[in-house]
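*Asks:* predicted model and sequence follow; I will ask about them next.
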Amino acid sequence: ASSNPAAFDATSNNDAKDDDVVEEANGRMPPVAPTAMALIDTTHRRAVADLVWLPASCQVDSRGHLLDPEHTRGAPSSQFLTVSGDGQVLFWDTRYKDIADGKLPHVGKKNY
């Protein structure tokens, strides 16, 4: 074993990647670590049944209105919707930090 932490980390990451390959070969989805979580009051009350990415040309603002093409042209898709057994269809945006910081006023309001 090496005393170099970087060498150890590289080995650990390779082992994790190998485990993911085995999971995929077995037909199971490898686990995915969350990068953000929604507040319980703003999310589904039951399990999500489906998730659909919106096309880049069909993005919505915080009020549900379609964004002008000038704001979607050439940009990758960053929004998706989820459907749950609780009857809700919720829209999500992966740029939530930029929206909260006021960097995307055409999408949503700045959080103070």
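*Replies:* In hand now; what should we look at? Numbering: from 1, shown residues only.

*Asks:* please make it C-alpha for all contacts and neighbour counts, starting now.
*Replies:* Fine.

*Asks:* residue ranges of the strands in this structure, please?
*Replies:* For the chain, strands defined by DSSP state E occupy the ranges 48-53, 79-84, 89-93.

*Asks:* what's across from residue 92 in the sheet?
*Replies:* Beta-bridge partners for residue 92, by DSSP bridges, are residue 80.

*Asks:* can you pull the pLDDT of it?
*Replies:* At residue 92 the predicted local confidence, pLDDT, stands at 92.

*Asks:* check contacts around it.
*Replies:* Listed by C-alpha atoms under 8 Å, 6 or more residues apart in numbering, the contact partners of residue 92 are 79, 80, 81, 82.

*Asks:* what's around the second one, how many residues?
*Replies:* If I follow you right, that is residue 80. As a burial measure, residue 80 scores 17 neighbours (other C-alpha atoms under 10 Å).

*Asks:* renumber starting at 210 from here on
*Replies:* Got it, the first residue is 210 from now on, which makes the last one we talked about residue 289.

*Asks:* list buried residues within the contacts of residue 301.
*Replies:* Neighbour counting over these (16 or more other C-alpha atoms under 10 Å) leaves 288, 289, 291 as the buried ones.

*Asks:* relative to residue 240, which of these is nearest.
*Replies:* residue 291 (19.2 Å; C-alpha to C-alpha).

*Asks:* centre-most residue in the chain?
*Replies:* Averaging the C-alpha coordinates of the chain gives a centre point, and the residue nearest to it by C-alpha atoms, centre = their mean is residue 303 (5.1 Å).
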